[in-house]
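Student: Return a 3D structure for these sequence lines:
(2 chains)
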Amino acid sequence: MIIATKEIKVQIETINNTKKITSAMEMVSASKLRKIQNRMLLSRYYTQKITALCIRILTDQNINYKNKYITLNKKNKKTCYILITSDKGLCGGLNIKVFRKLLTYINNNKNNYCFCTIGRIGNKFIKKYGGEIVCYIKKIGEYPKTNEFYNLIKLIIKDYDENNIDCIQIIYNKSINSIKSLPIIKTILPLTRNIKEEIIKKIVYIYETYDFNKLLNNILTKYVEAQIYQSVLENITCEQSARMMAMKKATENANNLIIDLNNTYNKLRQENITQEISEIVNGAAALV
Amino acid sequence: MNSIQCDIMSIDCLIFSKKIKQITAIGTEGELGVLSGHTPFITQLNSGPLIITHINNKKEIFYLDGGLIEVESNMISCLSYSIIKANEINEYELTKNINEAKVLIKEKSSTINYTRAIADISLAHSRLRTLKQFKTTLTNNA
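Tutor: Numbering: from 1, shown residues only, chains lettered A, B, ... in the order given. Modelled structure (predicted):
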């Protein structure tokens, strides 16, 4: 009996320690979430601006150049998927949702494909699933910088220019509000025209440059960079909010477990006391 | 008073968004000034100062690490890799960096990357130029 009560006490202590960790992680995630959310919202404005600019230049009728940045080649040879996942776990089913979306999409469109992975968990998954990994970026942390993606951007734009890949798509979790997220697949190149019409005003520009291709390349690089950076920020926001929710649930579960164990412990203690009293009474009765 | 909306932003911050009178920047083709009612145009920008004249004729200076300027009808968007307000430039640190890089080049040690060192020096000089311009504007405004 005494051994059982001791065991329960040890269990309660262990769960209490775990609870402390989970509640601390919840608070850390909550503070990080607020910071990253602000950055994501600011970056959204920049991304919108550069996307609109890019579409306006590429749909300009006055310029003659290869139009492969706008229209999709009908014989789509190879698609490059940029898979964005988290580096760490403990964030509920966030990454699984992305993988499920990716697999359904790949099964529906039977093209050749290759992957660029950002985040450790995605890379692990692709290695298991099978597929060519062109580029892998890890340890992006909570506050990524644009120069971390420089090699990736250079590589995919070069591949796109040389017609090794015909389509670049990005898969990530889009943050809808601080609790809700949705896995989505977005086409970066060629530029799809499903952006709202009011953003794409028809403007005839003067291009003040001696080398138009250089200007275009610069804008395209900035566009791809902004899209990737924005997606990464959105994914980090979702990761932090998912981790916050997961840790909140874990703390609640730990609380429930502690209440249950406390009840069992009290019952056992009560039994012990009752038994001792009855033993004393019986002993006293025997003496009389 | 004719005014034009101006947004100056880098990928992770919107540093300035106000109605202004004029903007002056250094493009790849030379220095350019934009007033309200300018024809729409796009050009690349070099690293250097970006001067904004407010409606009350006061001037504000930013330092740009290259970028793009897009002028629409009554709207200027300036997109750059990194933007600093001129008053936030650290003169002491920049002079220190220049001296260190110069010493390294003089010593001719094989471990340093010369192109990188020279690029660092030119970047620091261009920031210092912006700071100097900022100081002149301050005295003029006063």
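
Student: ok, B:Leu68 - contacts?
Tutor: A:Leu53, A:Asn218, A:Ile219, A:Lys222, B:Ile42, B:Thr43, B:Gln44, B:Leu45, B:Cys78, B:Leu79, B:Ser80 (CB atoms under 8 Å, 6 or more residues apart in numbering or on different chains). The C-beta positions use only the backbone N, C-alpha and C, and glycine is treated the same way.

Student: Tell me the bridge partners for it.
Tutor: Under DSSP bridges, the beta-bridge partners of B:Leu68 are B:Gln44, B:Leu79.

Student: And for B:Ile84?
Tutor: Here B:Ile84, judged by DSSP bridges, has bridge partners B:Tyr63.

Student: Show me the strands in the chain, by range?
Tutor: Let's take chain A. A:78-84, A:112-118, A:132-137, A:167-175, A:181-189, A:206-207 (DSSP state E).

Student: You answered for a different chain; I wanted chain B.
Tutor: B:4-10, B:13-20, B:22-27, B:30-35, B:41-45, B:48-53, B:59-64, B:67-72, B:75-80, B:83-85.

Student: Is chain A within reach of the longest helix seen in chain B?
Tutor: Ranked by residue count, the top helix of chain B under DSSP state H comes out as helix B:114-141. No: Helix B:114-141 lies apart from chain A when judged by CB under 8 Å from any CB of the partner chain; the minimum separation is 14.2 Å.

Student: for that helix, packing partners?
Tutor: Identification of packing neighbours for helix B:114-141 by 3 or more CB pairs under 8 Å, 6 or more residues apart in numbering or on different chains; DSSP states H and E yields strand B:48-53, strand B:59-64, helix B:91-107.

Student: Any chance of JSON lines for the strands of chain B, columns mean pLDDT?
Tutor: Shown next, in JSON lines, are the strands of chain B (pLDDT from 0 to 100):
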{"stretch": "strand B:4-10", "mean pLDDT": "91"}
{"stretch": "strand B:13-20", "mean pLDDT": "88"}
{"stretch": "strand B:22-27", "mean pLDDT": "90"}
{"stretch": "strand B:30-35", "mean pLDDT": "90"}
{"stretch": "strand B:41-45", "mean pLDDT": "89"}
{"stretch": "strand B:48-53", "mean pLDDT": "88"}
{"stretch": "strand B:59-64", "mean pLDDT": "86"}
{"stretch": "strand B:67-72", "mean pLDDT": "90"}
{"stretch": "strand B:75-80", "mean pLDDT": "90"}
{"stretch": "strand B:83-85", "mean pLDDT": "83"}
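
Student: Now render those as JSON lines, adding distance to A:Tyr129.
Tutor: As requested, these are arranged in JSON lines below (distance: least, CB to CB, whole Å):
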{"stretch": "strand B:4-10", "distance to A:Tyr129": "37"}
{"stretch": "strand B:13-20", "distance to A:Tyr129": "38"}
{"stretch": "strand B:22-27", "distance to A:Tyr129": "48"}
{"stretch": "strand B:30-35", "distance to A:Tyr129": "52"}
{"stretch": "strand B:41-45", "distance to A:Tyr129": "42"}
{"stretch": "strand B:48-53", "distance to A:Tyr129": "48"}
{"stretch": "strand B:59-64", "distance to A:Tyr129": "44"}
{"stretch": "strand B:67-72", "distance to A:Tyr129": "39"}
{"stretch": "strand B:75-80", "distance to A:Tyr129": "37"}
{"stretch": "strand B:83-85", "distance to A:Tyr129": "42"}
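
Student: re earlier: of the strands of chain A, which approaches chain B most closely?
Tutor: Of all these, strand A:206-207 sits nearest to chain B, with 4.1 Å by CB to the nearest CB.

Student: model confidence over the closest one, on average?
Tutor: Strand A:206-207 carries an average pLDDT of 83.

Student: Near chain B, which residues of chain A are found?
Tutor: A:39, A:42-43, A:45-46, A:49-50, A:53, A:57, A:146, A:201, A:203-210, A:214-215, A:218-219, A:222, A:225-226, A:229.

Student: A:Gln48 - how many residues pack around it?
Tutor: 15 (other CB atoms under 10 Å in any protein chain shown).

Student: Check the gap between it and chain B for me.
Tutor: Taking CB to the nearest CB, to the nearest Å as the measure, A:Gln48 falls 11 Å from chain B.

Student: Give me the buried entries from the residues of chain A next to chain B.
Tutor: A:39, A:42-43, A:46, A:49-50, A:53, A:57, A:146, A:203, A:205, A:207-209, A:215, A:218-219, A:222, A:225-226, A:229 (16 or more other CB atoms under 10 Å in any protein chain shown).
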